[in-house]
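Colleague: sharing a sequence plus its predicted fold:
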Amino acid sequence: MWLTLLLVPEGWLWVVYAFVLFRIFDILKPWPINWLDKRVKGGFGIMIDDVLAGVMAWIVLQLTAGLMG
């Protein structure tokens, strides 16, 4: 989640949007998160899919912020 909040625009709506994006990517696990989740085992596998969900949510957040401002 902290990766998603990196350079988040100012305001509570952006923080809520970041949280929702992270949860969507973390729960739905689109490719390549799903691929990693199935192939990487152990503690590293548990963490790496969260990291990738955070990165993908960050990309969407930054693209949205760029389009709006």
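Modeller: In hand now; what should we look at? Numbers count the residues shown, from 1 in each chain.

Colleague: let's see the helix or strand bottoming out on mean pLDDT in the chain as CSV, backbone CA atoms only.
Modeller: Least confident helix or strand, the chain: helix 33-39 with a mean of 91, by mean pLDDT, DSSP states H and E. Extracted in CSV, the C-alpha atoms of helix 33-39 (Å, rounded to 0.1, in the frame of the first residue of the first chain):
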residue,chain,number,x,y,z
ILE,A,33,0.2,-10.6,-10.3
ASN,A,34,-1.7,-13.9,-10.8
TRP,A,35,1.2,-15.5,-12.5
LEU,A,36,3.6,-14.6,-9.7
ASP,A,37,1.1,-15.7,-7.0
LYS,A,38,0.9,-19.1,-8.6
ARG,A,39,4.6,-19.6,-9.2
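
Colleague: name the next helix or strand downstream of that helix, please.
Modeller: helix 42-68 (DSSP states H and E).

Colleague: what average pLDDT does that following helix get?
Modeller: Regarding helix 42-68, the rounded mean pLDDT is 94.

Colleague: that one - contacts with which helices or strands?
Modeller: helix 12-28, helix 33-39 (3 or more CB pairs under 8 Å, 6 or more residues apart in numbering; DSSP states H and E). C-beta here means a position set from N, CA and C on the backbone, and glycine is covered the same way.
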